[in-house]
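K.L.:
Fold the stuff below for me.
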Amino acid sequence: MGQPEPAGLAVLVSNRQSVDVDEDGLSSLAERTLREEGRAEGELSISFVSATEIQALHERYMDEPGPTDVLAFPMDEDGLLGDVVICPEVAARPGSDVEQELRLLVVHGVLHLLGYDHKDDADRAEMWARQERYSGVRSP
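P.N.:
Numbers count the residues shown, from 1 in each chain. Purely as a prediction, here's the structure:
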(Lines give C-alpha, C1' and ligand atoms only; values in the text may rest on other atoms or scores of the structure.)
Protein backbone atom coordinates (compact mmCIF):
# COMPACT_ATOMS: atom_id res chain seq x y z
CA MET A 1 0.00 0.00 0.00
CA GLY A 2 1.42 3.44 -0.99
CA GLN A 3 1.93 6.52 1.10
CA PRO A 4 -1.05 8.89 1.41
CA GLU A 5 -0.95 11.94 -0.82
CA PRO A 6 -0.01 15.19 0.93
CA ALA A 7 -3.03 17.27 1.79
CA GLY A 8 -1.62 20.46 0.26
CA LEU A 9 -2.76 23.92 1.19
CA ALA A 10 -6.35 24.96 1.75
CA VAL A 11 -7.50 28.52 2.30
CA LEU A 12 -11.10 28.75 3.48
CA VAL A 13 -12.91 32.08 3.23
CA SER A 14 -15.89 33.28 5.22
CA ASN A 15 -17.37 36.65 4.29
CA ARG A 16 -19.73 37.95 6.98
CA GLN A 17 -19.82 41.65 6.13
CA SER A 18 -21.07 43.97 3.37
CA VAL A 19 -17.95 45.55 1.80
CA ASP A 20 -17.11 44.05 -1.61
CA VAL A 21 -13.89 41.99 -1.41
CA ASP A 22 -12.02 39.88 -3.98
CA GLU A 23 -12.31 36.61 -2.07
CA ASP A 24 -10.60 34.50 -4.75
CA GLY A 25 -7.72 36.93 -5.25
CA LEU A 26 -7.10 37.35 -1.53
CA SER A 27 -7.31 33.60 -0.95
CA SER A 28 -4.74 33.05 -3.73
CA LEU A 29 -2.51 35.72 -2.21
CA ALA A 30 -2.61 33.94 1.17
CA GLU A 31 -1.73 30.64 -0.51
CA ARG A 32 1.17 32.19 -2.47
CA THR A 33 2.49 33.79 0.73
CA LEU A 34 2.41 30.44 2.54
CA ARG A 35 4.21 28.72 -0.35
CA GLU A 36 6.87 31.44 -0.52
CA GLU A 37 7.39 30.97 3.22
CA GLY A 38 7.97 27.24 2.69
CA ARG A 39 4.57 25.95 3.77
CA ALA A 40 3.25 23.38 1.32
CA GLU A 41 0.56 21.91 3.56
CA GLY A 42 -2.02 23.11 6.03
CA GLU A 43 -5.36 24.81 6.34
CA LEU A 44 -5.90 28.51 6.91
CA SER A 45 -9.16 30.37 7.35
CA ILE A 46 -9.72 33.99 6.40
CA SER A 47 -12.83 35.69 7.74
CA PHE A 48 -14.03 39.09 6.56
CA VAL A 49 -16.16 40.54 9.34
CA SER A 50 -18.03 43.66 10.40
CA ALA A 51 -16.61 46.34 12.68
CA THR A 52 -18.93 45.11 15.44
CA GLU A 53 -17.65 41.54 15.19
CA ILE A 54 -13.95 42.44 15.09
CA GLN A 55 -14.40 44.88 17.96
CA ALA A 56 -15.83 42.07 20.10
CA LEU A 57 -12.92 39.78 19.15
CA HIS A 58 -10.36 42.56 19.75
CA GLU A 59 -11.73 43.25 23.21
CA ARG A 60 -12.13 39.58 24.14
CA TYR A 61 -8.78 38.21 22.94
CA MET A 62 -6.47 41.23 22.97
CA ASP A 63 -8.09 43.10 25.86
CA GLU A 64 -7.97 46.28 23.76
CA PRO A 65 -10.94 48.60 23.12
CA GLY A 66 -12.48 49.37 19.75
CA PRO A 67 -12.31 47.71 16.36
CA THR A 68 -9.07 46.87 14.55
CA ASP A 69 -8.30 45.99 10.95
CA VAL A 70 -6.79 42.49 11.36
CA LEU A 71 -6.38 39.79 14.00
CA ALA A 72 -4.48 36.52 13.66
CA PHE A 73 -5.07 33.42 15.74
CA PRO A 74 -2.26 30.88 15.19
CA MET A 75 -2.94 27.20 15.81
CA ASP A 76 -0.31 25.21 13.90
CA GLU A 77 -1.63 21.85 15.04
CA ASP A 78 -3.29 18.95 13.24
CA GLY A 79 -2.67 20.70 9.93
CA LEU A 80 -4.51 23.86 11.00
CA LEU A 81 -2.36 26.95 10.56
CA GLY A 82 -4.89 29.29 12.13
CA ASP A 83 -7.40 32.03 11.46
CA VAL A 84 -6.96 35.51 10.02
CA VAL A 85 -9.86 37.87 10.73
CA ILE A 86 -10.07 41.08 8.69
CA CYS A 87 -12.47 44.00 8.88
CA PRO A 88 -12.75 45.69 5.46
CA GLU A 89 -14.81 48.50 7.01
CA VAL A 90 -11.89 49.47 9.26
CA ALA A 91 -9.42 48.95 6.40
CA ALA A 92 -11.40 51.44 4.31
CA ARG A 93 -9.90 54.46 6.04
CA PRO A 94 -10.40 57.82 4.31
CA GLY A 95 -7.82 58.25 1.58
CA SER A 96 -6.78 54.58 1.55
CA ASP A 97 -6.94 52.15 -1.36
CA VAL A 98 -9.14 49.44 0.14
CA GLU A 99 -7.98 46.72 -2.27
CA GLN A 100 -4.32 47.40 -1.48
CA GLU A 101 -5.02 47.59 2.23
CA LEU A 102 -6.81 44.22 2.15
CA ARG A 103 -3.85 42.66 0.30
CA LEU A 104 -1.51 44.00 2.97
CA LEU A 105 -3.75 42.79 5.81
CA VAL A 106 -4.04 39.26 4.39
CA VAL A 107 -0.25 38.96 4.14
CA HIS A 108 0.19 40.59 7.56
CA GLY A 109 -2.17 38.07 9.16
CA VAL A 110 -0.57 35.10 7.41
CA LEU A 111 2.89 36.18 8.54
CA HIS A 112 1.64 36.41 12.13
CA LEU A 113 0.36 32.84 11.84
CA LEU A 114 3.85 31.80 10.76
CA GLY A 115 5.42 33.39 13.83
CA TYR A 116 6.47 36.82 12.57
CA ASP A 117 5.93 39.80 14.83
CA HIS A 118 6.64 43.53 14.89
CA LYS A 119 7.21 44.32 18.54
CA ASP A 120 10.75 45.62 18.05
CA ASP A 121 12.41 47.54 15.21
CA ALA A 122 14.41 44.63 13.77
CA ASP A 123 11.41 42.26 13.70
CA ARG A 124 9.21 45.02 12.28
CA ALA A 125 11.69 45.72 9.47
CA GLU A 126 11.83 42.03 8.52
CA MET A 127 8.05 41.59 8.64
CA TRP A 128 7.36 44.80 6.70
CA ALA A 129 9.86 43.77 3.98
CA ARG A 130 8.11 40.41 3.58
CA GLN A 131 4.69 42.08 3.55
CA GLU A 132 5.77 44.43 0.79
CA ARG A 133 7.36 41.62 -1.25
CA TYR A 134 4.28 39.37 -1.09
CA SER A 135 1.49 41.97 -1.22
CA GLY A 136 3.13 44.49 -3.55
CA VAL A 137 2.01 47.20 -1.10
CA ARG A 138 4.40 49.39 0.87
CA SER A 139 3.74 49.41 4.61
CA PRO A 140 3.37 52.76 6.34
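K.L.:
List the buried residues of stretch 72-91.
P.N.:
Residues of stretch 72-91 classed as buried by neighbour count (16 or more other CB atoms under 10 Å): 72-73, 81-91. Quick note: C-beta positions are derived from backbone N, CA and C, even for glycine.
K.L.:
quick one: which of those sit in helices?
P.N.:
Those of those mapping onto helices are P88, E89, V90, A91, per DSSP state H.
K.L.:
Leaving out sequence neighbours, find the closest residue to the second one.
P.N.:
So the one you mean is E89. In this structure, E89 finds its nearest non-sequential neighbour in A51, 4.7 Å apart by CB to CB, 6 or more residues apart in numbering.
K.L.:
Run through the residues that contact the one you found.
P.N.:
Taking CB atoms under 8 Å, 6 or more residues apart in numbering as the criterion, A51 is in contact with P67, C87, E89, V90.
K.L.:
Please list all residues in contact with the spatially closest residue to V19 that is not a sequence neighbour.
P.N.:
In space, and not counting its chain neighbours, V19 is closest to P88: 3.8 Å by CB to CB, 6+ apart. Taking CB under 8 Å, 6+ apart, we find P88 in contact with Q17, V19, V21, F48, V98, L102.
K.L.:
hang on, the earlier thing: would you convert the buried residues of stretch 72-91 into JSON lines that also reports distance to A30 and pLDDT?
P.N.:
What follows is those, written out as JSON lines (distance: CB to CB, whole Å; pLDDT from 0 to 100):
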{"residue": "A72", "distance to A30": "11", "pLDDT": "98"}
{"residue": "F73", "distance to A30": "14", "pLDDT": "97"}
{"residue": "L81", "distance to A30": "10", "pLDDT": "97"}
{"residue": "G82", "distance to A30": "11", "pLDDT": "97"}
{"residue": "D83", "distance to A30": "12", "pLDDT": "98"}
{"residue": "V84", "distance to A30": "7", "pLDDT": "98"}
{"residue": "V85", "distance to A30": "13", "pLDDT": "98"}
{"residue": "I86", "distance to A30": "11", "pLDDT": "98"}
{"residue": "C87", "distance to A30": "16", "pLDDT": "98"}
{"residue": "P88", "distance to A30": "15", "pLDDT": "97"}
{"residue": "E89", "distance to A30": "20", "pLDDT": "95"}
{"residue": "V90", "distance to A30": "19", "pLDDT": "95"}
{"residue": "A91", "distance to A30": "15", "pLDDT": "93"}
